[in-house]
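Enquirer: Mind looking at a prediction? Sequence and model below.
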Amino acid sequence: MATKLRQLYEGKAKKVFECEDPTMCIVSYKDDATAFNGLKKGTIRGKGVINNRLTNYLMQKLEKEAGIPTHFVQELSDTDTLVRKVDIVPLEVIVRNVVAGSLSKRVGKEEGTSLLCPVLEFSYKDDELGDPMVNDYHIRAMGWCSDETLEKIKEYALRINDYLVSYFKTLGIDLIDFKLEFGITADGTLVLADEISPDTCRFWDSTTHEKLDKDRFRRDLGDAEGAYREVLRRVFGDNN
Ligand code: UDP
């Protein structure tokens, strides 16, 4: 069993630890929540456990059923997971199916407006700069990843979107948009990393359009805990 030896990094929602195996890391999910690039801080009780379990379940499904390589290795506890160590590609990969959030502001369309096809966006991962949106040319010119890696990221992101949209539809949830991060392992394999959770996805109830994600915290809509628990309940059933 892997053990946490030394903290390598503490992010906004997770800590990362070194373990005995130098090709692996242990990720530990926290209840801390931040929004607006860290300006708003709080806690969503039970979030760490929920995001850990949801991410691991979805990554395993994506591996088996959609052929997406991921960093997931083994769930160690309610909050901790063994993952493959990667160099993170410094991009936030955003996939959108419906207008919401920053896109709504950028194009002046109401949240909930449907899109004719999915939209893929990239942001340069840099908190000090506020994760600015960039395009393929910036990525190539700055050397943030190779052309081959970028093409694979696009293919994976759209495949992940197709798979997750259909899956969440069966649970009565519309997947509005989400953010992915990818990493490269020591042997050069591109894998899906980070998390897939109500922190990083917009989930709307298909019937009531109720928000079941971090927008409840960002926008002070109340009962963020309940919303996260509801997503967990739809995925794993009533005994959770
Ligand atoms: N997102 C994220 N981390 C970020 C920025 C965005 O997980 O640092 C997710 C967010 O939860 C949403 C999607 O990416 O599901 C699109 O976010 P958007 O660009 O609309 O930004 P926001 O309105 O969240 O600032």
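Expert: Structure received. Note that the structure is predicted; figures quoted are calculated from it, not measured.
Enquirer: residue ranges with poor pLDDT in the protein?
Expert: 240 (pLDDT under 70).
Enquirer: Could you pull out the helices in it for me?
Expert: Secondary structure of the chain by DSSP state H: the helices cover 47-66, 101-107, 136-142, 147-170, 215-218, 224-236.
Enquirer: who are the neighbours in contact with the residue nearest to residue 193 when sequence neighbours are not counted?
Expert: Nearest residue to residue 193 in three dimensions, chain neighbours excluded: residue 183, at 4.0 Å (CB to CB, 6 or more residues apart in numbering). The C-beta positions use only the backbone N, C-alpha and C, and glycine is treated the same way. Shown in contact with residue 183 (CB atoms under 8 Å, 6 or more residues apart in numbering): 71, 84, 86, 87, 88, 89, 190, 191, 193.
Enquirer: which one of the helices of the chain lies closest to the ligand?
Expert: Nearest to the ligand, of all these, is helix 101-107, at 2.2 Å by CB to the nearest ligand atom.
Enquirer: Please point out which parts of that closest one sit buried.
Expert: Across helix 101-107, burial judged by 16 or more other CB atoms under 10 Å covers residue 103.
Enquirer: from here on, count from 42
Expert: Done: numbering now begins at 42, and the last item shifts to helix 142-148.
Enquirer: so how far is it off the chain centroid?
Expert: From the chain centre to the centre of helix 142-148 is a distance of 19 Å (CA atoms, centre = their mean, to the nearest Å).
Enquirer: Now that helix - C-alpha only, CSV.
Expert: Provided in CSV are the C-alpha atoms of helix 142-148 (Å, rounded to 0.1, in the frame of the first residue of the first chain):
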residue,chain,number,x,y,z
GLY,A,142,-20.2,31.4,-17.4
SER,A,143,-17.5,33.4,-19.2
LEU,A,144,-18.7,32.5,-22.7
SER,A,145,-22.1,34.1,-21.9
LYS,A,146,-20.3,37.3,-21.0
ARG,A,147,-17.9,37.1,-24.0
VAL,A,148,-20.6,36.7,-26.7
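Enquirer: Which residues of this protein lie near the ligand?
Expert: Residues of the chain lying close to the ligand (CB under 6 Å from any ligand atom) are 133, 135, 141-144, 172, 218-220, 241-243, 255.
Enquirer: now, among the residues you listed, which is nearest to the ligand?
Expert: Among the residues of the chain next to the ligand, residue 142 lies closest to the ligand (CB to the nearest ligand atom), at 2.2 Å.
Enquirer: Tally up the residues packed near residue 266, please.
Expert: Here the count is done by other CB atoms under 10 Å, and residue 266 has 17 residues near it.
Enquirer: now the nearest residue to it once chain neighbours are set aside: how far from residue 206?
Expert: In space, not counting the residues next to it along the chain, residue 266 is nearest to residue 86; the distance is 5.1 Å by CB to CB, 6+ apart. Between residue 86 and residue 206 the computed distance is 29 Å (CB to CB, to the nearest Å).
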